[in-house]
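Student: quick one: sequence plus predicted model below, questions after.
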Amino acid sequence: MGAENRMDRIASSTERIAAAGTENRCDAGLDTVDSRRSCTPSVARSINLMPSILIRQVPPLSQQFHKSKKSAAVLKHAIIKQYATPFASKTGSTSVDNRVAFIDGYAGPGRYDDGEEGSGAMLLQTAHDLAAMSSPRKAELHFVEKESDTITKLRKVVAAEGVGLTVTVSDGHVSAHLPALLDAVSGIPLFAYLDPCGLIIPMDEVVSIFDRPGSKAPTEVLINLTAHLRRFGGMLTSDKPVENSLKRIDEVCGGDWWRQAWLDKCPNKQASEDERMAAEQAVVEGYAQQLSERLGSLGTWIIDVRPRADLKPVYYLVFATRHIDGMLAFGESASRGLQAWRKHLAMMAADGTLFSDGDWEAAWKADEARLKAQWVDTLADRLTTELAKGEAFRIIEKAEEILGADLMGVVRTLHIRAAIKKVRSAGKTSTDPTGRNDLLSLLIVPA
């Protein structure tokens with residue numbers, strides 16, 4: 001079946017535009033809790049090459065933060081923005097007609113009420129940029145939104161900003177449209193972004209994204225796994241549990257395994273806050289592991305966002321892929337996204353103060369330089385320790401020793417290259433990282 005015929009199959013339930021409030025209700029609601037709070041992200045990585053590791057984002061050195069109305073969305077959008085182009089560039093280089101697809105399953109209105117871009121507008125601009133490359137990529141965008149007032153706004157954004165692109169806008173729940181959408185993108189690379197206000201779709205449906213027609217094509221998923229898990233977990237020790245709600249979580253998690261995982265950490269109603277936090281994290285990490293096993297995927301990244309480092313997460317992002325290139329590229333994008341996040345928080349901190357535009361940015365850049373120096377020194381020390389053992393190694397094989405729980409998902413090629421060069425200058429290795437971008441898999445040889 002040709003691409004156009006597959007697209008026609010969903011025409012009755014979607015509005016196709018080819019040719020020619022707030023971005024996310026959850027984010028807006030969370031942001032009204034306390035305008036003095038900011039979100040501090042953490043990163044955890046679950047990958048079959050190593051044990052699951054929880055990684056805390058290093059806070060900036062001299063900043064106090066204030067929350068904007070959309071701060072809960074800044075990190076996830078920054079990561080998507082950093083990842084969408086390299087994903088499409090690499091996977092689209094060998095796909096039919098250089099086609100790649102993006103599905104935004106809970107799209108929202110496309111832009112915030114203040115005009116800032118949300119995921120919809122961001123993906124539309126990315127598609128235009130990909131089409132303008134010297135080796136163009138044809139990005140096909142599929143938006144799904146169930147709120148009637150929101151989808152009206154989304155259609156206006158797509159009509160204004162989607163000229164010349166292949167875009168569908170589907171009205172309703174993503175579960176209802178997913179089979180037809182997956183058929184429409186058969187055989188081409190797909191990145192699916194699932195960012196609901198409430199619970200995510202059942203795991204069986206997530207797995208179906210990877211098992212779609214033509215499923216040998218690169219397929220990756222980024223999921224917002226809501227932090228509402230705590231409310232449902234509390235039912236397990238309640239005198240009046242709502243079994244239908246618990247069964248809904250069973251569907252999301254791909255089984256009832258999560259119940260025991262929760263109870264192992266939080267066995268009764270008198271459990272401490274630390275125990276509840278441990279239970280929530282156990283379920284999130286278990287979800288990522290279950291998904292990885294079901295997909296036969298290489299591994300997953302987990303990123304969480306908290307109102308403050310000492311408060312509960314607002315949401316968790318879970319990324320899954322079957323290819324090592326996807327894991328490495330997403331880690332790079334996570335690092336860049338976190339840098340954009342820190343810049344956003346610095347800007348919010350300066351709002352309403354005596355800092356001028358140039359002053360806050362200069363202070364942020366100084367903090368970034370200090371963080372870079374700190375991370376490079378730490379990496380160089382760890383590389384030196386590993387090299388002293390007298391055997392060549394790759395960082396991807398020694399991730400715990402070199403990156404550790406403090407730097408995984410935080411540092412990227414920029415920092416690793418500088419660290420290897422520092423160690424080489426000290427005469428500890430003969431490996432030259434100049435011109436190499438695959439530094440995690442680069443063989444590092446003792447001098």
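Tutor: That came through, no problem.

Student: can you tell me the strand partners of the helix or strand where Leu141 lies and which way each runs?
Tutor: Element membership for Leu141 (DSSP states H and E) is strand 138-145. Partner strands and pairing direction for strand 138-145 (DSSP bridges) are strand 99-104 (parallel), strand 166-171 (parallel).

Student: kindly export it (C-alpha atoms) in CSV.
Tutor: Extracted in CSV, the C-alpha atoms of strand 138-145 (Å, rounded to 0.1, in the frame of the first residue of the first chain):
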residue,chain,number,x,y,z
LYS,A,138,10.6,14.6,4.7
ALA,A,139,9.2,14.8,8.1
GLU,A,140,5.5,13.7,8.5
LEU,A,141,3.8,15.0,11.6
HIS,A,142,0.8,13.3,13.2
PHE,A,143,-0.9,15.2,16.1
VAL,A,144,-3.7,13.7,18.3
GLU,A,145,-5.7,15.8,20.8
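
Student: in the helix or strand following it, what's buried?
Tutor: Later in the chain than strand 138-145, the nearest helix or strand by DSSP H and E is helix 148-161. Using 16 or more other CB atoms under 10 Å as the burial criterion, the residues of helix 148-161 that qualify are Thr150, Ile151, Lys153, Leu154, Arg155, Val157, Val158, Glu161. Where you see a C-beta, it was placed from the backbone N, CA and C, and this is true even at glycine.

Student: which strands and helices sit next to helix 148-161?
Tutor: Judged by 3 or more CB pairs under 8 Å, 6 or more residues apart in numbering; DSSP states H and E, helix 148-161 is in contact with strand 14-18, helix 119-131, strand 138-145, strand 166-171.

Student: how many degrees apart are that helix and strand 138-145 in direction?
Tutor: Interaxial angle, helix 148-161 versus strand 138-145 (axes from the mean of the first three to the mean of the last three CA atoms, to 10 degrees): 160 degrees.

Student: can you pull the contacts of the nearest residue to Leu165 once chain neighbours are set aside?
Tutor: Closest residue to Leu165 apart from its sequence neighbours, by CB to CB, 6 or more residues apart in numbering: Ala127 at 5.1 Å. Residues near Ala127 by CB atoms under 8 Å, 6 or more residues apart in numbering: Phe102, Ala139, Leu141, Gly162, Leu165.

Student: same check, this time on Leu190
Tutor: When contacts are counted by CB under 8 Å, 6+ apart, Leu190 touches Val100, Ala101, Phe102, Ile103, Leu182, Ile209, Arg212, Ala217, Pro218, Thr219, Glu220.

Student: what element comes up after the host helix or strand of Ile223 heading to the C-terminus?
Tutor: Secondary structure from DSSP H and E places Ile223 in strand 219-226. For strand 219-226, the following helix or strand on the C-terminal side (DSSP H and E) is helix 229-234.

Student: how about that next one: buried residues?
Tutor: Residues of helix 229-234 classed as buried by neighbour count (16+ other CB under 10 Å): Leu229, Arg230, Phe232, Gly233, Gly234.

Student: again with stretch 168-184
Tutor: By neighbour count on 16+ other CB under 10 Å, the buried set for stretch 168-184 is Thr168, Val169, Ser170, Asp171, Val174, His177, Leu178, Ala180, Leu181, Leu182, Asp183, Ala184.

Student: from those residues, which is closest to Leu338?
Tutor: Val174 (27.7 Å; CB to CB).

Student: the stretch 201-350 of the chain: helices as residue ranges?
Tutor: For the stretch 201-350 of the chain, the helices defined by DSSP state H, counting those that start in this stretch occupy 203-210, 229-234, 243-253, 257-265, 273-295, 324-350.

Student: right, so of those helices, which gets closest to Glu145?
Tutor: Nearest to Glu145, of these and by CB to CB, is helix 203-210 at 17.2 Å.
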